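# predicted coordinates and the sequence they were generated for:
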Amino acid sequence: KKEPFIFRNPFGKVPAFEDGDFKLFESRAITQYIAHFYSDKGNQLVSLGSKDIAGIAMGIEIESHEFDPVGSKLVWEQVLKPLYGMTTDKTVVEEEEAKLAKVLDVYEHRLGESKYLASDHFTLVDLHTIPVIQYLLGTPTKKLFDER
């Protein structure tokens, strides 16, 4: 939380991103910038069609406000706390798993309508969910994914 990093991210946190003289500091803003600005270099993680872009925007909001907060709490309780020698709060895990089950039901419904969470191609929505899912698959919460 010192210069020069604080110049890149005023909250003194990771991530911080620079592309020439352009600077960003929030992971979803960074991935959206890269996906748009470098869209001609690799997979299309965003779509320019009005319906697809709306579906992707909705998916990003669901991931950001519904999936990530719950999933991150479960990762904290079941992965990170044990690494720090702390005890997992099983009550918190049960409460958060109930919330996650509802989000996964929505995701399951979406996957019944398209190949991926927001479209018929892999998008930022899918990319943003991978880190938390990867951690959760190594915990007892994996059962929620296996049930679907």
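That came in fine, so what should we check first? Computed from a prediction, not measured in an experiment: that's the story for all the values here.
# drop to CA atoms for contacts and neighbour counts, all remaining ones
OK.
# ok, and for stretch 62-82, which residues are buried?
Using 16 or more other Cα atoms under 10 Å as the burial criterion, the residues of stretch 62-82 that qualify are 62-64, 66-80.
# likewise stretch 128-141?
Quick answer for stretch 128-141 (16+ other Cα under 10 Å): 128, 129, 132, 133, 135, 136, 141.
# what's in contact with stretch 129-143?
By Cα atoms under 8 Å, 6 or more residues apart in numbering, the residues outside stretch 129-143 that reach it are 63, 67, 68, 71, 72, 74, 75, 78, 79, 97, 145.
# would you list those residues in a markdown table and tack on pLDDT, distance to residue 36 and secondary structure?
Formatted as a markdown table, those follow (pLDDT from 0 to 100; distance: Cα to Cα, whole Å; DSSP: H, G, I helix; E, B strand; the rest coil):
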| residue | pLDDT | distance to residue 36 | secondary structure |
| --- | --- | --- | --- |
| 63 | 97 | 19 | helix |
| 67 | 98 | 23 | helix |
| 68 | 98 | 22 | helix |
| 71 | 98 | 27 | helix |
| 72 | 98 | 27 | helix |
| 74 | 98 | 31 | helix |
| 75 | 98 | 30 | helix |
| 78 | 98 | 35 | helix |
| 79 | 98 | 33 | helix |
| 97 | 98 | 34 | helix |
| 145 | 97 | 31 | helix |
